[in-house]
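Q: coords below, sequence missing:
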């Protein structure tokens, strides 16, 4: 297991602890609490979620003030963005991007007070995330994907969006 700090404090890039490939296919251990705790990731995850999307669907930028998320791509490939949404942080509104796929098996740990969004680059992608709290829609914030104050570069100019992601929503 390899854990790498990123440009955003608290955001970690993780190579899962076990990856094995042979003539039958792949085996990937996505999470092992003992190994993650041994690497200094002491988060208690309570909920797992999956979303499936098609090419050029953009979901996010969503977050809340209390939830840790461990993000993986189970199938396909997506462009993943994390934004520091902590108004008290000197890195407020800074962002970083990653490409996650079923081939590179990378994971991103996203701390509270950070938003995240992803754009599907393959025909279909399965986005998996573990959460440290149960989902609370009333505690969520949403930045629009093209918020000029963030200046995020996206690989497409006209993504497929939900109404929530078109309009943004702050709590």
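A: Looks like it came in fine. None of these values were measured; they are calculated from a predicted model.
Q: residue 166: what secondary structure?
A: Of the three states, residue 166 takes helix under DSSP: H, G, I helix; E, B strand; the rest coil.
Q: my error: substitute residue 35 in the last question.
A: helix.
Q: and the pLDDT at it?
A: Residue 35 carries a pLDDT value of 96.
Q: and if you look at the one 10 residues further on?
A: Per-residue confidence at residue 45 stands at 98 (pLDDT).
Q: from residue 68, how far off is it?
A: 8 Å (C-beta to C-beta, to the nearest Å). Using the backbone N, CA and C atoms, a C-beta is placed for each residue, glycine as well.
Q: who has more neighbours, these two?
A: residue 68 (20 against 17; other C-beta atoms under 10 Å).
Q: contact partners for the closest residue to the more buried one other than its chain neighbours?
A: Ranked by C-beta to C-beta, 6 or more residues apart in numbering and with sequence neighbours excluded, the top spatial neighbour of residue 68 is residue 132, at 4.0 Å. Applying C-beta atoms under 8 Å, 6 or more residues apart in numbering to residue 132 gives the contacts 43, 44, 45, 46, 66, 67, 68, 69.
Q: how near is the most centrally placed residue in the chain to residue 88?
A: For the chain, the residue nearest the mean C-alpha position is residue 71 (4.5 Å; C-alpha atoms, centre = their mean). Distance from residue 71 to residue 88, counting by C-beta to C-beta: 24 Å.
Q: kindly reformat the contacts of residue 132 as CSV containing distance to residue 157 and secondary structure.
A: Output for these, formatted as CSV (distance: C-beta to C-beta, whole Å; DSSP: H, G, I helix; E, B strand; the rest coil):
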residue, distance to residue 157, secondary structure
43, 36, coil
44, 40, coil
45, 35, coil
46, 38, coil
66, 34, coil
67, 30, coil
68, 32, coil
69, 27, strand
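Q: list the buried residues in stretch 36-49.
A: For stretch 36-49, burial by neighbour count (16 or more other C-beta atoms under 10 Å) applies to 36, 41, 43, 45.
Q: fine, thanks again, bye for now.
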